[in-house]
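J.: Quick one: sequence and predicted model below, then my questions.
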Amino acid sequence: MEKKNVHKDHRQRVRSRFFKDGIGSMDDHNIIEFLLFFGIPFKDTNSIAHALVEKFGDLNGILEAPAEELMKVDGIGENAAALIRLTHDVSLLYNERKQQWLLEENTEDNLVNYLSVRYSGERRELVYLLCLDSNGKIQRCVKICEGSPDSAVVDTRTIVETVVRFDSKNVVLAHNHPNGFAVPSVADVKTTEELIHVLDAIGINLADHIIVADNDSFSMAKSNKYGYLFR
């Protein structure tokens, strides 16, 4: 006998509301409930959505949560967790591709906006290397390493191999501070100094080291305190 979905009418009402009024008319728990329709076919996802909001605070918190944390909520299995993470990652990729125009004009604001998309929702420090062409436009954005929420170890050898592979004469180093402010640490300054010397020895210019944190950013090359490193 075919299994009857007792939530069919409710689900259809939610779908109809979405198509009629759009996502802007829905509360966070309704959005998550609707999303979970596609990962949990035969269960009441309303109560699960409320539990997710209670644990992670809001829609952003849910979408940014690691899969292993999502699966600690009763009713969220591997498929549902994968669906939530996929939704988050697809939205990031969409926004990143929409911002490809940033590659055409290399200003500090554009670089920060470009990087902010990549760092959105990240709870670990990530280090990127932006490879620039002779006109200062971004050619590549390469992830160098992933760290913990508090630190990331920059592998100088990986950076050298990257710039040589892409034949880049000018590069920008970037990393995020997920749990802090966009202020260089002692380790950040030391790493920058060492990298400038290593790259200079092979004819590569480190143009800047940008730090991104929440809605803040810091350019070491443009700062009064650390700008001397890049001259």
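T.: Received the coordinates, thanks.
J.: pretty sure Thr45 is touching Ile31, no?
T.: No - the criterion here is CB atoms under 8 Å, and Thr45 misses it with Ile31 at 11.1 Å. C-beta coordinates here come from the backbone N, C-alpha and C atoms, glycine included.
J.: Among these two, which residue is more densely surrounded?
T.: Thr45 (26 against 19; other CB atoms under 10 Å).
J.: The spatially closest residue to the more buried one that is not a sequence neighbour: what's it in contact with?
T.: Distances taken as CB to CB, 6 or more residues apart in numbering place Leu36 nearest to Thr45, at 3.9 Å, with adjacent residues excluded. Counting by CB atoms under 8 Å, 6 or more residues apart in numbering, Leu36 makes contact with 45, 48-49, 80, 83.
J.: Top of those residues by number of neighbours, please.
T.: Sorting the contacts of Leu36 by how many neighbours each has (other CB under 10 Å) puts Thr45 first, at 26 neighbours.
J.: helices and strands of this structure: which one has the lowest mean pLDDT?
T.: Every helix and strand of the chain was ranked by mean pLDDT, DSSP states H and E. The lowest is helix 108-119, at a mean of 79.
J.: Report the buried residues of it.
T.: Buried residues in helix 108-119, counted by 16 or more other CB atoms under 10 Å: 110-112, 114-119.
J.: can you check stretch 181-190 too?
T.: Within stretch 181-190, the residues scored as buried using 16+ other CB under 10 Å are 182, 184, 188.
J.: Give me the mean pLDDT for the helix or strand encompassing Ile32.
T.: Per DSSP states H and E: Ile32 is located in helix 28-36. Averaging pLDDT along helix 28-36 gives 94.
J.: got the end-to-end distance for stretch 23-43?
T.: By CA to CA, to the nearest Å, the extent of stretch 23-43 from end to end equals 22 Å.
J.: now the helices for the protein?
T.: Along the chain, the segments classed as helices by DSSP state H run 8-21, 28-36, 45-56, 59-64, 67-70, 78-98, 108-119, 156-165, 186-201.
J.: Could you double-check that Val56 sits in contact with Pro66?
T.: Actually, residue 56 is Phe rather than Val. No - if you go by CB under 8 Å, Phe56 and Pro66 don't touch, sitting 10.6 Å apart.
J.: which one of these two has more residues nearby?
T.: Using other CB under 10 Å as the criterion, Phe56 and Pro66 rank with Phe56 on top: 19 against 12.
J.: If I look at the more buried one, what pLDDT would I see?
T.: Looking at Phe56, its pLDDT reads 94.
J.: Break the protein down into its structural domains.
T.: Per automatic domain parsing, the structural domains of the chain span 8-95, 106-230.
J.: Can you tell me which of the ones you listed has the worst average pLDDT?
T.: domain 106-230 (a mean of 87).
J.: Let me see the contact set for the nearest residue to Met71 once chain neighbours are set aside.
T.: Spatial nearest neighbour of Met71, excluding adjacent residues (CB to CB, 6+ apart): Ala81 at 5.0 Å. Ala81 is in contact with 67, 70-71, counting by CB under 8 Å, 6+ apart.
J.: for Ile210, same thing?
T.: With CB under 8 Å, 6+ apart, Ile210 has these contacts: 108, 111-112, 115, 172-174, 217-220.
J.: What of Ala152?
T.: Ala152 neighbours (CB under 8 Å, 6+ apart): 124-127, 145-146, 175.
J.: Can I get these in CSV including distance to Ile204 and neighbour count?
T.: What follows is the contacts of Ala152, written out as CSV (distance: CB to CB, whole Å; neighbours: other CB atoms under 10 Å):
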residue, distance to Ile204, neighbour count
Arg124, 27, 16
Glu125, 23, 23
Leu126, 21, 19
Val127, 17, 21
Cys145, 18, 17
Glu146, 23, 11
His175, 18, 25
